[in-house]
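>>> The sequence and its predicted three-dimensional model are supplied below.
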Amino acid sequence: MNRMGDLESALNKDGVIFLTYGGILTQALLVALTEALEKGVEETGMKMKTSINIMTIFIELSQNIMNYARLQQGKIEPKGMVVVGEDSEGNHYVFSQNKIALADKEKIDKKMKTIMGVDKDTIKKLYREARRSGKDAHSRGGGIGFYEIAKRCDSVDYEFESIDEDTLYFRFKTTLYTPQA
């Protein structure tokens, strides 16, 4: 897997950054960031379907940061980073990075390997089954959001980087390809 964590390199090589945020995420802040992103995306004249997909992925990844918040000095701090942009080839991406507990890595990795090992139709089927069953619907990090993301993008990449024996960085990047004329 390629290293995705070099933000400076990503910002230098990519064309347009619609939104970059790093820090503590709250529900109120997520609403404000979503409104700012929506306004920025509207101004580009982007196709509605692409716009909706970017917004949905952004919200899911931001909620992921809040769901997998790492306990810091006795309190939960939902800190992370989200970048929404357009690369030099005109493709759109959403990137996130946050700290997770080592115990969450296995659950995430298992879900992601399942998603990356199947086609779009199977992802849609797994998503519908998960919604119908209600299993994990309201649990922290149930994984249904990963299905939602995978349905809406063209590629997914993720990685873990160890910080210490209990904590890792979880990096996640989706790309929505723009058809070339």
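Good, I have the coordinates.
>>> Longest helix of this structure, counting residues only.
In the chain, with assignment by DSSP state H, the single longest helix is helix 48-67.
>>> What is it packed up against?
Here helix 48-67 touches helix 27-42, strand 79-86, strand 92-101, helix 144-152, strand 167-176, going by 3 or more Cβ pairs under 8 Å, 6 or more residues apart in numbering; DSSP states H and E. C-beta here means a position set from N, CA and C on the backbone, and glycine is covered the same way.
>>> what residue ranges in this protein are flagged as low confidence?
1-15, 70-75, 135-143, 180-181 (pLDDT under 70).
>>> center of it - which residue?
Residue closest to the mean C-alpha point of the chain, counted by Cα atoms, centre = their mean, is L61 at 3.3 Å.
>>> Buried ones in the longest helix of the chain, by neighbour count?
Neighbour-count burial for helix 48-67, counted by 16 or more other Cβ atoms under 10 Å, picks out 50-51, 53-67.
>>> Distance from it to the middle of the chain?
7 Å (Cα atoms, centre = their mean, to the nearest Å).
>>> quick one: that helix to helix 27-42, angle?
160 degrees (axes from the mean of the first three to the mean of the last three Cα atoms, to 10 degrees).
>>> what's the angle from helix 48-67 to strand 79-86?
Using the same axes, to 10 degrees: helix 48-67 against strand 79-86 is 170 degrees.
>>> Show me the one of the helices and strands packed on helix 48-67 that comes nearest D121.
Smallest distance to D121 across those (Cβ to Cβ): 10.0 Å, for helix 144-152.
>>> which residues are contacting the closest one?
53, 56-57, 60-61, 63-64, 108, 111-112, 115, 120, 123-124, 126-127, 130-131, 136-137, 156, 174, 176 (Cβ atoms under 8 Å, 6 or more residues apart in numbering).
>>> Also stretch 158-178?
1, 3-5, 50, 53-54, 57, 61, 64, 68, 70, 87, 89-102, 104-105, 108-109, 112, 149, 152-157.
>>> List buried residues within those.
So, by 16+ other Cβ under 10 Å, the buried ones in the contacts of stretch 158-178 are 4, 50, 53-54, 57, 61, 64, 68, 70, 91-100, 104-105, 108, 112, 149, 152-153, 156-157.
>>> Which residue comes closest to F170 once chain neighbours are left out?
I100 (4.7 Å; Cβ to Cβ, 6 or more residues apart in numbering).
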